[in-house]
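Student: show me how the following folds:
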Amino acid sequence: MRRRQPPALPPVPFSPAAARAHRAGLGLTPEQVVEGMAAHGVRLLPAHVLGWESGELRPTEEEFIALARALWCPPAQLMGVRPALLRDFRVARELNQESAAHRIGVTPRQYQQAEATGQWDGDQAQTYALAQALGLTLRELVAVTGRGEELDRRLRQTVDGRWQAHVRAIGRIVPVREDDLATVLAVLQNEHQVFSHWGAGSWGSPAPAASAPGALARPLGERFWELLGRLETEIPV
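Tutor: Residues are numbered from 1 along each chain as shown. Sure, this is the predicted structure:
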């Protein structure tokens with residue numbers, strides 16, 4: 001049976017208004033913009049620039065990066081929205097797939113598959129390199145690698161069992177120092193056990209004030225990020 005292909009990604013986010021504004025701010029004509037793009041290996045007609053600015057056309061990845069360079073602005077400013085996919089973060093860093101794969105330490109095919117499926121299966125070192133290469137925060141990293149549900153499942157297992165058994169598995173998802181993860185997971189489990197013991201109001205007693213209103217009132221994943229954000233991680237939360 002023929003293997004099913006993942007759905008095609010949507011076009012790179014692009015803001016016609018931002019492109020117009022940047023060109024006007026520099027006082028460039030469409031002819032001057034295409035001259036600047038030609039210096040970066042992309043040769044087009046001024047009509048393409050006008051088509052992008054009107055919204056009638058959408059630039060390809062290569063054209064998008066060359067346009068950003070010709071307009072002397074970060075690519076993310078031409079997107080008009082915050083990058084949401086691995087592909088978008090890569091383009092925002094002006095990288096092609098081969099360059100990104102080389103920086104991360106995976107094969108181009110492995111990286112291409114990750115972009116196409118939204119699923120990442122790298123080890124902790126590769127996941128760390130991915131975040132560094134694409135300028136991702138830890139939250140963004142988990143979201144764009146499709147590991148959010150796995151992290152939630154691991155955190156539930158952590159508070160229900162021995163947190164020590166899950167440090168390395170969670171470290172593959174959230175690449176921070178093991179000592180930092182151990183600190184956070186120990187707190188999560190302790191809070192959960194305290195709440196489990198007192199939460200039902202054993203013998204008519206209310207839950208301890210320290211655990212009732214704040215920490216345990218929010219989802220486990222949010223509490224995890226809150227605790228991790230209090231530490232000095234190499235990759236920002």
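Student: can you pull the phi/psi pair for residue 145?
Tutor: phi -100, psi 0 (degrees, to the nearest 10).
Student: surely residue 123 touches residue 173?
Tutor: No - with contact defined as Cβ atoms under 8 Å, residue 123 does not count as touching residue 173 (10.9 Å). In this view, the C-beta of every residue, glycine as well, is placed from N, C-alpha and C.
Student: show me which of the two is the more surrounded one.
Tutor: residue 173 (19 against 13; other Cβ atoms under 10 Å).
Student: how close does the more buried one sit to residue 127?
Tutor: 7 Å (Cβ to Cβ, to the nearest Å).
Student: just residue 52 next, same as before
Tutor: Distance from residue 52 to residue 127, by Cβ to Cβ: 35 Å.
Student: again with residue 229
Tutor: With Cβ to Cβ as the criterion, residue 229 and residue 127 are 19 Å apart.
Student: the two: which is more packed in?
Tutor: The neighbour count for residue 229 versus residue 127, taken as other Cβ under 10 Å, is higher for residue 127 (24 against 13).
Student: the residue lying closest to that one once chain neighbours are set aside: neighbouring residues, count only.
Tutor: Leaving aside its chain neighbours, residue 127 sits nearest to residue 175 (4.8 Å; criterion: Cβ to Cβ, 6 or more residues apart in numbering). Residue 175: 24 surrounding residues under other Cβ under 10 Å.
Student: which phi and psi does residue 175 have?
Tutor: Dihedral angles (degrees, to the nearest 10) for residue 175: phi -80, psi 80.
Student: CA atoms of the worst-scoring helix or strand of the chain on mean pLDDT as PDB?
Tutor: In the chain, the helix or strand scored least confidently by mean pLDDT, DSSP states H and E is helix 178-198, which has a mean of 84. C-alpha atoms of helix 178-198 as PDB (Å, rounded to 0.1, in the frame of the first residue of the first chain):
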ATOM      1  CA  GLU A 178      19.100  17.500  34.700                       C
ATOM      2  CA  ASP A 179      19.600  19.300  38.000                       C
ATOM      3  CA  ASP A 180      17.100  22.000  37.000                       C
ATOM      4  CA  LEU A 181      14.600  19.400  35.800                       C
ATOM      5  CA  ALA A 182      15.100  17.400  39.100                       C
ATOM      6  CA  THR A 183      14.300  20.500  41.100                       C
ATOM      7  CA  VAL A 184      11.100  21.300  39.200                       C
ATOM      8  CA  LEU A 185       9.800  17.700  39.100                       C
ATOM      9  CA  ALA A 186      10.500  17.200  42.800                       C
ATOM     10  CA  VAL A 187       8.400  20.300  43.600                       C
ATOM     11  CA  LEU A 188       5.600  19.200  41.300                       C
ATOM     12  CA  GLN A 189       5.400  15.800  42.900                       C
ATOM     13  CA  ASN A 190       5.600  17.200  46.500                       C
ATOM     14  CA  GLU A 191       2.700  19.600  45.700                       C
ATOM     15  CA  HIS A 192       0.600  16.900  44.200                       C
ATOM     16  CA  GLN A 193       1.100  14.600  47.100                       C
ATOM     17  CA  VAL A 194       0.300  17.300  49.600                       C
ATOM     18  CA  PHE A 195      -2.900  18.200  47.700                       C
ATOM     19  CA  SER A 196      -3.800  14.500  47.300                       C
ATOM     20  CA  HIS A 197      -3.500  14.000  51.100                       C
ATOM     21  CA  TRP A 198      -5.300  17.200  52.200                       C
END
